[in-house]
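Trainee: Any chance you can model this:
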Amino acid sequence: LGVRPSPGPGRSAVSHQSSRDKHRKRSLPGSTVRREGSAISAGPAGPVDGAEGDDTEGDDDWEPLQYHLNVDGTRRVVSGARLEESLLTVLRERLGVTSVKDACEQGRCGACSVLLDDRLVTACTVLAADAVDARVLTVAGLGASGPAARIQAAFLAHGAVQCGFCTPGLVVAVTDLLGRRPAAGEQEIREALAGNICRCTGYGRILAAVRDVQAGRRAPGGSGAPGGSEANEASEANEANRANGAAGA
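Mentor: Residues are numbered from 1 along each chain as shown. Predicted coordinates:
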């Protein structure tokens, strides 16, 4: 993790692709929607967006869709949706899941990271209709106990939560990393989190929090809580809730 230069003309805010992209499933607009075996139904043509005289081309006719998404273990109904809507848009605007943050909408910042069938993805680069048969897990669904709670407690203990906007995506990303690679080394941690931009902490505190969780897991009888002490487990749920609260809506 290093300092990223501000984007200039024709330059992306992220100047490299991290190895994390290998673990992401990207399904950009134009991909084939999984309809076979999926309960996606189309309604009558919807209204034209905008007022009379709107010059939006190709928007005269569209079929509102209705389908179900499995979000954090709950089957949610999505109605009146458009085919081109991203998973991020549907989660936030149609289902009210605001723990998934909306920032770059280009898959560059990691703020909207979720687990899709146990794979780390940026929700802004996945069509919501492509997630109909999948399990969507957000930071809110990771639970108030267990690995994710320990990660959030470590973030709080090390001051890795400041404005909180990047925190949900980072917690999901760290949960995914330590689930796959519990003993990941420094370079692997940096590469795995390179897709998550944080403008507040300078990354040092985030890395320290991850290392602390790892140390806690390695300690005899350790739970992965900050310092590896079992005494911290009693406060994990409260600290996890504080971390979620810092993230806001």
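Trainee: List the neighbours of stretch 171-187 that are in contact with it.
Mentor: 20, 23, 110, 113-115, 120, 137-139, 142, 147-148, 151-152, 155, 188-189, 192-193, 195-196, 207, 209-211, 213-214, 217, 243 (C-beta atoms under 8 Å, 6 or more residues apart in numbering). For glycine as for every other residue, the C-beta is placed from the backbone atoms N, C-alpha and C.
Trainee: Just the buried subset of those, written out for ChimeraX, thanks.
Mentor: To isolate the buried members of those in ChimeraX, using 16 or more other C-beta atoms under 10 Å:
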select :20,23,110,113,114,115,120,137,138,139,142,147,148,151,152,155,189,192,193,195,196,207,209,210,213,214,217,243
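Trainee: Restricted to helices, list the contacts of stretch 171-187.
Mentor: The helices, defined by DSSP state H, take in 147-148, 151-152, 155, 188-189, 192, 207, 209-211, 213-214, 217, 243 from those.
Trainee: In those residues, find the pair that's most separated.
Mentor: 188 and 243 (23.6 Å; C-beta to C-beta).
Trainee: the helices in this protein, which residues?
Mentor: So, for the chain - with DSSP H - the helices run 87-89, 147-157, 167-180, 186-192, 204-218, 236-247.
Trainee: tell me the most buried of those?
Mentor: Of all the helices of the chain, helix 147-157 has the most neighbours on average by mean count of other C-beta atoms under 10 Å, namely a mean of 26.
Trainee: For this structure, name the helix or strand with the lowest mean pLDDT.
Mentor: When the helices and strands of the chain are scored by mean pLDDT, DSSP states H and E, helix 236-247 comes last with a mean of 48.
Trainee: on that earlier part again, closest to residue 97 out of the helices of the chain?
Mentor: Going by C-beta to C-beta, the one of these nearest residue 97 is helix 87-89, 9.5 Å.
Trainee: just checking, what packs against that closest one?
Mentor: Applying 3 or more C-beta pairs under 8 Å, 6 or more residues apart in numbering; DSSP states H and E, one finds that helix 87-89 contacts no other helix or strand.
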